[in-house]
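# sequence and predicted structure are below.
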Amino acid sequence: KQYGRAEEYYRQAADLRPQLAGPRTGLGMLQLRLGNEAEGRKLLDAAFKLDPFNVRVSNSRKVLDHLAKYETVETAHYLLRFDPLTDKLLAAGLADYLEEIHAELKTKTKMFCYSLNDPDEKHPNINICPICMGHPGTLPIINEEAVKKVIMVGLALHGEIPEFSQFDRKNYFYPDLPKGYQISQYKHPLVSGGYLKIFDKKIKITRVHLEEDTGRLIHDKEAGSSLVDFNRAGVPLMELVTEPDFRSGEEVKKFGEELQKILRYLKASDANMEKGQMRVEVNISLREQPTTNNQQPTTDLGTKVEIKNINSFKFAADAVDYETKRQAEILEKGEKIKQETRGWNEFKKETFSQRSKEEAHDYRYFPEPDLPPLNLSREMVEELRAKLPELPEIKRQRFLKEYRLEQDIIAILVREKPLADYFEEVVSELKQHDK
């Protein structure tokens, strides 16, 4: 009787909203449970064509691959989930993830000097000068183009642009940091708040700020030494920090992919992960489970573990899933999570400890004495808002309405702006030809 009611509901929803994949996914899974595998497969295939990037759709299709091995749909579907302990934490809302994404900005020169910003330069230590090398007596100057690009990113993400912003000095030592400190932003970033929508869910953004990148270390294992290439030192670097709104590695992956499209549409960054122009860091914390049925889960975040410098969205999703399981097992034993920075081994598919995690006070932030504060006029902000292009989500909606394309075709076209523009040029030419 319940299955009959559910089937009626899903069919009504599919008829009412034929462009949505959800009703067909639910109806397809229902048919599988009723033993109608052919009908279920047909419905899931149709749902996949409507929305190939929907997590529920793709997971439901994977059930079909397991049916050959296992007798029931329930068994097949369970194997797609996390191990029971991790899944229990996720279901209870006790796992929190936030994402930090760094993107090198596409500017002609570096952030605080006139050295070229050329990511394709192969020869080491060519694009350097006394300013980006931190020589005594040199003074930085702010790259206006980089500031405007970050503001446009903030506007595209529905963030607030303050009238006052300033740069701060972040003090730490590392061989690839020529000054012995990094010019960054702490209390007054260029962008506050905002959100990015994925899977019909808004991921809130805490801040977007501007800083300078470090140099690049090249390790020679045979010689037992390391070399430093300072071509990258001083390149404008945007850092975006989200709220802990993610609940799965798949959401982390989708957010990064969507942000990458936006950066490319804005021409703010090429965001090429293979070249290191976009790097992902994920913070993972698990809250302790209630000890009794009447006890409410704590709202305080658990001990934070950061996984740094991940150069692939898939690796970021894998790292989240692995680290969630690792921490869950530690808490289950009654042990404490150690606050630390970890790396991701893409070959072993596991995280590894790098160092204990620093706090903000360890960096001894203070206002950068060699740079004036930024006063951002409302006129300039509105001028930049007027220059915003049609962004990926709006373009997807328009392509669906105007051209009536299937969702998987739209996803391919919108992935790269030049391809979407070329498609529309071809359509325009054909329309002119038909006239």
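The structure has been received and is ready for your questions.
# center of this structure, which residue is that?
Taking Cα atoms, centre = their mean, the centroid of the chain lies closest to G256, which sits 2.5 Å from it.
# nearest residue to it in space, please, no chain neighbours.
Leaving aside its sequence neighbours, G256 sits nearest to F313 (Cβ to Cβ, 6 or more residues apart in numbering; 4.4 Å). The way it works is simple: take the backbone N, C-alpha and C, and place the C-beta from them, glycine included.
# check V153 too.
A268 (5.5 Å).
# now the one you found, what's its secondary structure?
Under the three-state scheme (DSSP: H, G, I helix; E, B strand; the rest coil), the conformation of A268 reads as coil.
# separation between it and N231?
Between A268 and N231 the distance, using Cβ to Cβ, to the nearest Å, works out to 20 Å.
# show me where pLDDT drops low in the stretch 51-200 of the chain?
Filtered on pLDDT under 70, the stretch 51-200 of the chain yields the residue ranges 53-94.
# could you pull out the helices for it?
In order along the chain, the stretch 51-200 of the chain carries the following helices (DSSP state H, counting those that start in this stretch): 55-67, 73-78, 84-91, 144-156.
# which parts of the longest helix anywhere in the chain are buried?
Of all the elements of type helix in the chain, the one with the most residues (DSSP state H) is helix 313-332. With burial defined by 16 or more other Cβ atoms under 10 Å, the residues of helix 313-332 counted as buried are 313, 315-328, 331.
# contacts for the helix or strand following it, please.
On the C-terminal side of helix 313-332, the closest following helix or strand by DSSP states H and E is strand 340-345. Applying Cβ atoms under 8 Å, 6 or more residues apart in numbering, the set of residues contacting strand 340-345 from outside is 305-310, 315, 318-319, 323, 350-357.
# restricted to strands, list these.
Within the contacts of strand 340-345, residues falling in strands by DSSP state E are 305-310, 350-356.
# distance of C113 relative to A316?
Computed with Cβ to Cβ, the distance linking C113 and A316 is 32 Å.
# do P136 as well
Applying Cβ to Cβ, one obtains 40 Å for the distance of P136 from A316.
# quick one on the thing from earlier: contacts only, for the residue nearest to V153.
With Cβ under 8 Å, 6+ apart, A268 has these contacts: 103, 105-106, 149-150, 152-153, 238.
# which of those are buried?
Using 16+ other Cβ under 10 Å, the buried members of the contacts of A268 are 103, 105-106, 149-150, 152-153, 238.
# farthest pair within those residues?
Largest separation among those by Cβ to Cβ: A103 and M152, giving 12.7 Å.
# all strands for the stretch 101-250 of the chain, in order.
For the stretch 101-250 of the chain, applying DSSP state E, counting those that start in this stretch gives strands covering 164-165, 168-171, 181-184, 191-192, 195-198, 201-212, 216-220, 225-229, 236-242.
# partner strands of the first one and their direction?
Each strand that pairs with strand 164-165, with its direction, by DSSP bridges: strand 374-375 (antiparallel).
# report the mean per-residue pLDDT for the strand it pairs with.
Looking at strand 374-375 alone, the average pLDDT works out to 96.
# so which bits of the helix or strand just after that strand are buried?
Heading C-terminal from strand 374-375, the first helix or strand you meet, by DSSP H and E, is helix 378-386. Within helix 378-386, the residues that count as buried by 16+ other Cβ under 10 Å are 381, 384.
# tell me the contacts of M273?
Taking Cβ under 8 Å, 6+ apart, one finds 260, 279, 311-313 in contact with M273.
# for the residues you listed, give me JSON lines that also has pLDDT.
Output for the contacts of M273, formatted as JSON lines (pLDDT from 0 to 100):
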{"residue": "Q260", "pLDDT": "97"}
{"residue": "R279", "pLDDT": "95"}
{"residue": "N311", "pLDDT": "91"}
{"residue": "S312", "pLDDT": "93"}
{"residue": "F313", "pLDDT": "94"}
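# what would the residues you listed look like in JSON lines with distance to W344?
Rendered in JSON lines, the data for the contacts of M273 read as follows (distance: Cβ to Cβ, whole Å):
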{"residue": "Q260", "distance to W344": "18"}
{"residue": "R279", "distance to W344": "12"}
{"residue": "N311", "distance to W344": "9"}
{"residue": "S312", "distance to W344": "9"}
{"residue": "F313", "distance to W344": "12"}
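# quick one: buried ones out of these?
For the contacts of M273, burial is judged from neighbour counts taken by 16+ other Cβ under 10 Å, and it is met by 260, 279, 311-313.
# ok, so of those residues, who is nearest Q182?
Compare each of the buried ones among the contacts of M273 with Q182 using Cβ to Cβ and the shortest gap goes to R279, at 15.1 Å.
# helix, strand or coil for the closest one?
The local conformation at R279, judged by three-state DSSP, is strand.
# burial of the residue lying closest to it once chain neighbours are set aside, as a residue count?
With sequence-adjacent residues excluded and distances taken as Cβ to Cβ, 6+ apart, R279 is closest to H102, at 4.7 Å. Taking other Cβ atoms under 10 Å as the neighbour definition, H102 ends up with a count of 19.
# H102: what's it in contact with?
Applying Cβ under 8 Å, 6+ apart, one finds that H102 lies in contact with 213, 237-239, 278-279, 281.
# what's the answer for A14, then?
Applying Cβ under 8 Å, 6+ apart, we find A14 in contact with 20, 23-24, 27.
# C-terminal to the helix or strand that contains it, what's the next element?
Taking DSSP H and E as the definition, one finds A14 inside helix 2-16. Where DSSP H and E defines the elements, the next helix or strand beyond helix 2-16 is helix 22-33.
# what's the following helix or strand past that following helix packed up against?
Next helix or strand after helix 22-33 toward the C-terminus (DSSP H and E): helix 37-50. Contact partners of helix 37-50 among helices and strands, from 3 or more Cβ pairs under 8 Å, 6 or more residues apart in numbering; DSSP states H and E: helix 22-33, helix 55-67, helix 407-415.
# secondary structure class of the residue nearest to the centre of the chain, three-state.
Secondary structure, three-state DSSP: G256 is helix.
# look up how far D220 lies from it.
As it turns out, when the distance is counted by Cβ to Cβ, G256 lies 31 Å from D220.
# try I330
Separation of I330 from D220 (Cβ to Cβ): 36 Å.
# then H123?
Applying Cβ to Cβ, the value for H123 to D220 is 17 Å.
# P130 is in contact with L139, correct?
No: L139 lies out of contact with P130 (Cβ atoms under 8 Å); the separation is 10.2 Å.
# more crowded one of the two?
For L139 and P130, the more surrounded residue by other Cβ under 10 Å is P130, and the numbers stand at 12 against 9.
# S115 is in contact with the more buried one, correct?
No: between P130 and S115 no contact is recorded; they are 9.7 Å apart, counting by Cβ under 8 Å.
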